[in-house]
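Undergrad: Okay, structure incoming, though there's no sequence with it:
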Ligand SMILES: C[S@@+](CC[C@H](N)C(=O)[O-])C[C@H]1O[C@@H](n2cnc3c(N)ncnc32)[C@H](O)[C@@H]1O
């Protein structure tokens, strides 16, 4: 769709034919004129493909921020509205925003440009490969996973991103003290998140009662959350901390 190097690659890690179970469904979706223009203009500066071929130098990637600025990873930003709002509210934090969805990548770049945000970078591809191969140990001050695909059918539960193997992977790039913030409107998935995070030795619950967290004021309403609320779903936030090994 984009000539090499000028936009997000269709299969950056060359792995769509692997038999690995993924948490997303490859889909074709229409990129609007505005999203395409933003991708053409801003991808070379603010975008990166998750090709699994190099370890990122995060201070260099967020060159406009001080070298010791905290960097958080957001997995699955969708159309990026909530990401842009969080970036605007906290300009001293770099947000490495990862998704596979091209229209959303264009939309987030467009929002960042319109709002003059310089603390967002857009990573195209599977977050699992990013965590596994491209992030240095203890390089992240936080991880955000808001309304990940719930995969409600039992035979699809294995596709849910929050599970023990994913938490093992994330423990490497997360610095001690890093906050892991998840949210979902799918109650059985919320229970699963609470169970696997509680059971994992690399994380501790920030809530003294070991339960869900009150919604933090700094998390904006997301698109999927709005849809869930419209269906009468209860939204759960989970706030865990990466503990020192
Ligand atoms: C249900 S949507 C939620 C989007 C947004 N956070 C919101 O609340 O509106 C989940 C998003 O996660 C993305 N996603 C799922 N698995 C992913 C993965 N392994 N790597 C990167 N993005 C992923 C999907 O493409 C989708 O955009």
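TA: Everything's here; your move. None of the values given here were measured: they were computed from a predicted structure.
Undergrad: Contacts for stretch 24-39 next, please.
TA: With contacts defined as C-beta atoms under 8 Å, 6 or more residues apart in numbering, stretch 24-39 is touched by 1-2, 7-8, 16, 47, 76, 100-103, 105-107, 109-110, 113, 126, 149. In this view, the C-beta of every residue, glycine as well, is placed from N, C-alpha and C.
Undergrad: now do 6 Å
TA: Stretch 24-39 is contacted from outside by 7, 100, 102-103, 106-107, 109-110, using C-beta atoms under 6 Å, 6 or more residues apart in numbering.
Undergrad: now, which of those lie within helices?
TA: 102-103, 106-107, 109-110 (DSSP state H).
Undergrad: ok, so of the contacts of stretch 24-39, who is nearest the ligand?
TA: residue 100 (4.7 Å; C-beta to the nearest ligand atom).
Undergrad: Around the residue lying closest to that closest one once chain neighbours are set aside, count how many other residues there are.
TA: Once flanking residues are discounted, residue 100 sits nearest to residue 24: 5.3 Å by C-beta to C-beta, 6 or more residues apart in numbering. Residue 24: 16 surrounding residues under other C-beta atoms under 10 Å.
Undergrad: tell me the SS of residue 24?
TA: Following DSSP: H, G, I helix; E, B strand; the rest coil, the label given to residue 24 is coil.
Undergrad: Name the residues that touch stretch 155-167?
TA: Contacts of stretch 155-167 (C-beta under 6 Å, 6+ apart): 21, 23, 148, 151, 193, 196, 200.
Undergrad: The fourth one and residue 186, how far apart?
TA: What it means is residue 151. 9 Å (C-beta to C-beta, to the nearest Å).
Undergrad: more crowded one of these two?
TA: residue 186 (22 against 17).
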